[in-house]
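[1] Just a sequence and a predicted model for now, questions to come.
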Amino acid sequence: MSGLSFKGGIHTYEGKELTKDKKIIDLLPSQELVFPLSQHIGAPATPIVSVGDRVLRGQKIAEASGFVSANIFSSVSGTVKAIENRRNVQGNMTRSIVIENDDTYEEAPPIPVRSIAEMTKEEVIAIIKEAGIVGMGGAGFPTHVKLSPKDPAKIHYVIANCAECEPYLTSDYRRMIEEPEKLVAGLKIILCLFEHAKGILAVEDNKPDCIRVLKDLCINEPRISVKVVKTKYPQGSERQLIYATTQHAINSSMLPADAGCIVNNVDTIVAVYHAVIEGRPLMERIVTVTGDAIKYPQNYRVYTGTYYDDLIEAAGGFKAKPGKIISGGPMMGFALYDTHVPVTKSSSAVTAFLKDPVSDCTPGACINCGRCVDACPSRLLPSRLADIAEHYDEDKFVSLNGMECVECGCCSYICPAKRHLTQEIKMMRQTVLANRKKSK
Amino acid sequence: MANMSEQINVSASPHVRSKMSTSRIMFCVIISLLPASVYGIYQFGFNAALLIATCVAACVATEFLYELIIKKPKTIGDLSAVLTGLLLALNLPPDATWWMAIIGSVFAILVVKMLFGGLGQNFMNPALAGRCFLVICFAARMTSFSYDGVTSATPLAIIRDGGSVNLMDMFMGKIPGTIGEVSTVLLLAGAIFLIVTGIIDFRIPCAYLVTFVLFIGVFAGHGWDLSYIAAQLCGGGLMLGAFFMATDYVTSPITKPGRLLFGISCGLLTGLFRVFSSSAEGVSYAIIISNLLVPLMERITMPKCFGKGGEI
């Protein structure tokens, strides 16, 4: 099966066989749960409970403070123990609500919903906003903002990002195998908001079973089609996926909506389904626990706020002392130095490796082989940009389109001299963005 | 809770790396040159083996000593000095002396490579620069080739003077020439290995050879005489140059269209030198002059980025 694609990209060891056939297991959290107020792009939410309050499962504990922000819900019933700074996956201390679990899982009343046919578009978006749904693929961009483009009539494609190109991750895959009807129903809800849009389920060709199941489900859905994309990293990158499925190319100064597209991840679309049909806010997600250091790799349905420790323990712990523990996959995840951090709305996996291949290699001199140029999905010259970043030449960096980098990591992966290209470029991009903010 | 006293690695993503490394690339190129090298030793005898050993040892030693003296990290493990030494030896006539090999090696590594900053910074192919230096220093010795103990003209010199050559001998390597350039068939075998494994980009040798053939066809005065063109392709180190020297990463463009331009430039210059200059061969000079044009070729073939026209 050959699929739609884009130029560049890499083929890595996929590692998906570790957890591909492991059914999703429900995992109940332990005693204490932590809910960072900032687990999305935008303003941190404002707590609406105080220490000592009893909260229920599905009760709103923090409210969006602005349009680009998101509500946060407790995933357990219990008592608010503290509202204080706690460590998050990125290693920073951020303000969080800590809840003591009383193990009764007493549920709060659901968000009031009516049948989808009776609701206006505004009401549907309001429910999605109320449910605190954000992009669950990793970025955490509030979904209600994404679904409110300037001109909804100009949206021609709603793309479900079912690529899951990140190595080792199988959470989206399991979701598609076990609950494909929810994905299709969720996509139909989003399509109701954009009457000129077609729905696209973009699946990589290494998941033929998903393709079959989804195609069967969509036989009588004239507005939805399944598009097979080539298995290649970073196929699931928003810009690359839009290009592969619609042939529209956007750059860093454009939004997907400018190309008439809206892209949502599998879990996000399922969350939309739960919110709009069942009135259930976002308080759980699928997390893959994997890597060669994990005793029993597994996929779990996890309550947000659960500690990573609990996940690792549930998977049998480590085989031996791991060399590296990553929140997310090996290409774009964050390395953890402490696993006592909570699962948030955008945590997709914990990957633990016995050996850290990065610390084993020493960066050498660039030999100008051009592998990074061939691999770069943004069509940049990563080796040159990294040189410029080392010399801190902001103007040249911008003029060579350094800001178009999507930080996918292909150049660092492919570099035979083992240079830390992505890292250099990433750092320079952050500096440029910070300076732009300052000069405003 | 993870025990904080235990050490765990933390770094920015990505957390995986491909298996390909600089030393592995160099190793593959060395492997691909071995058939031609072994044939050279078989053909030209002990002195050829001595020259190869001397060049490799001298190149590695020069790099090591230089880094020792200026207190830089040792980089001989990347095997690039070994490769430079091997390529230089393959470009020497079998009658060259060991001290010529040392002079060429020191010039290649010290002057052309290390003084410009080491691997990745040289603007010319070190092995070819070393050879050209030796040609200038020892013109007579560097251009006299013996075969079966008799000094004889190279096939290119023979056809230049209107003689005829045995094409099969040229293809198989039964001709006078430098140690590594004579066996077209073994060089091609190595080249195929490098192209199939993705070590070298076919663009450079293809553009090089096609341009060269067109140039020869139009300007050499022999028209499209196939046996003449075949002799031109097999002789004068063209195969060694096109597949193993012009494709040197450091001294060829990083962009794909740039590589096409580079190949065209090498082809044109080789044709020009062979047809119009007083010497019959011209591959070395064609490549090192093209090396100098690489920054320009890269500049005019800069890719457009994704979303600004470069996605197609």
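    Perfect, thanks for sending it. Numbers count the residues shown, from 1 in each chain, chains lettered A, B, ... in the order given.
[2] CA only for contacts and neighbour counts going forward, please
    Will do.
[3] In contact with B:I179, which residues are there?
    Going by Cα atoms under 8 Å, 6 or more residues apart in numbering or on different chains, B:I179 touches B:37, B:40-41, B:44, B:48, B:89-94.
[4] out of those residues, which are inside helices?
    B:37, B:40-41, B:44, B:48, B:89-90 (DSSP state H).
[5] Of all pairs in those residues, which one is the farthest apart?
    Using Cα to Cα, the two most remote members of the ones in helices among the contacts of B:I179 are B:F44 and B:A89, lying 12.6 Å apart.
[6] So the two - more neighbours on which side?
    A count of neighbours by other Cα atoms under 10 Å in any protein chain shown puts B:A89 above the other of B:F44 and B:A89, at 31 against 22.
[7] Verify the stated contact: the more buried one with B:I103.
    No - with contact defined as Cα atoms under 8 Å, B:A89 does not count as touching B:I103 (11.8 Å).
[8] can you pull out the strands in the stretch 51-200 of chain B?
    Remark: strands assigned in the stretch 51-200 of chain B by DSSP state E, counting those that start in this stretch are B:145-147, B:150-152.
[9] Looking at those, which is nearest to chain A?
    strand B:145-147 (34.4 Å; Cα to the nearest Cα).
[10] elements contacting that closest one?
    Applying 3 or more Cα pairs under 8 Å, 6 or more residues apart in numbering or on different chains; DSSP states H and E, one finds that strand B:145-147 contacts strand B:150-152.
[11] In chain B, which residue is most central in space?
    Of all residues in chain B, the one closest to the mean position by Cα atoms, centre = their mean is B:M245, 1.8 Å from it.
[12] Please list all residues in contact with that one.
    Counted by Cα under 8 Å, 6+ apart, B:M245 has contacts B:125, B:128, B:287.
[13] same thing but at 10 Å, please
    With contact set as Cα atoms under 10 Å, 6 or more residues apart in numbering or on different chains, B:M245 has these partners: B:84, B:87, B:125-128, B:205, B:238-239, B:251-252, B:283-284, B:287-288.
[14] quick revisit: can I get the strands of the stretch 51-200 of chain B in TSV with distance to A:C261 and mean neighbour count?
    Shown next, in TSV, are the strands of the stretch 51-200 of chain B (distance: least, Cα to Cα, whole Å; neighbours: other Cα atoms under 10 Å in any protein chain shown):
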stretch	distance to A:C261	mean neighbour count
strand B:145-147	69	20
strand B:150-152	72	12
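[15] Quick check: neighbours shared by B:F44 and B:A89?
    B:178-179.
[16] So which residues on the stretch 201-312 of chain B come close to chain A?
    Applying Cα under 10 Å from any Cα of the partner chain, we find that the stretch 201-312 of chain B lies next to chain A at B:201, B:247-256, B:302-312.
[17] which of those count as buried?
    Buried subset of those (neighbour count, 16 or more other Cα atoms under 10 Å in any protein chain shown): B:201, B:247-256, B:302-307, B:311.
[18] Looking at these, which are in helices?
    Those of those lying in helices (DSSP H): B:K256.
[19] chain center to the helix or strand harbouring A:Q430, what's the gap?
    Assessed by DSSP states H and E, A:Q430 sits inside helix A:421-439. The chain centre lies 22 Å from the centre of helix A:421-439; the measure is Cα atoms, centre = their mean, to the nearest Å.
[20] So which elements touch that helix?
    With contacts defined as 3 or more Cα pairs under 10 Å, 6 or more residues apart in numbering or on different chains; DSSP states H and E, the packing partners of helix A:421-439 are helix A:382-390, helix A:394-399, helix A:410-414.
[21] of those helices, which approaches A:D267 most closely?
    Nearest to A:D267, of the helices and strands packed on helix A:421-439 and by Cα to Cα, is helix A:410-414 at 24.8 Å.
[22] contact partners of the closest one?
    Residues contacting helix A:410-414 (Cα under 10 Å, 6+ apart): A:8-12, A:233-234, A:331-332, A:358, A:370-377, A:380-383, A:418-424, B:13-21.
[23] Quick one: the helices in chain A, in order.
    Taking DSSP H as the criterion, chain A carries its helices at A:121-130, A:143-146, A:171-178, A:180-193, A:208-217, A:238-246, A:266-278, A:308-314, A:371-375, A:382-390, A:394-399, A:410-414, A:421-439.
[24] do the stretch 101-250 of chain B as well
    Remark: helices assigned in the stretch 101-250 of chain B by DSSP state H, counting those that start in this stretch are B:126-137, B:139-142, B:155-160, B:167-172, B:184-196, B:203-219, B:226-234, B:238-240.
[25] For those, state which one has the densest average packing.
    Greatest average neighbour count among the helices of the stretch 101-250 of chain B goes to helix B:238-240 (a mean of 26), per mean count of other Cα atoms under 10 Å in any protein chain shown.
[26] Test my guess that B:L33 contacts B:V185.
    No - counting by Cα atoms under 10 Å, B:L33 stays clear of B:V185, with 11.8 Å between them.
[27] Name the residues contacting each of those two.
    Residues touching both B:L33 and B:V185 (Cα under 10 Å, 6+ apart): B:A191.
[28] interface residues of the stretch 101-250 of chain A facing chain B?
    Counting by Cα under 10 Å from any Cα, the stretch 101-250 of chain A sits next to chain B at A:167, A:239-240, A:243, A:247-250.
[29] where does the chain dip in pLDDT?
    Went with chain A since none was named. Applying pLDDT under 70 to chain A picks out residues A:1-2.
[30] The chain in question should be chain B.
    By pLDDT under 70, the weakly predicted segments of chain B are B:1-6, B:280.
[31] Could you give the number of residues near B:Q121?
    Neighbours around B:Q121, by other Cα under 10 Å: 18.
[32] Quick check: the gap between the most centrally placed residue in chain A and chain B.
    Centroid check for chain A by Cα atoms, centre = their mean gives A:G137 as the closest residue, at 1.6 Å. Computed as Cα to the nearest Cα, to the nearest Å, the A:G137 to chain B distance reads 16 Å.
[33] domain assignment for chain A?
    As given by automatic domain parsing, the domain ranges for chain A are A:113-278, A:371-439.
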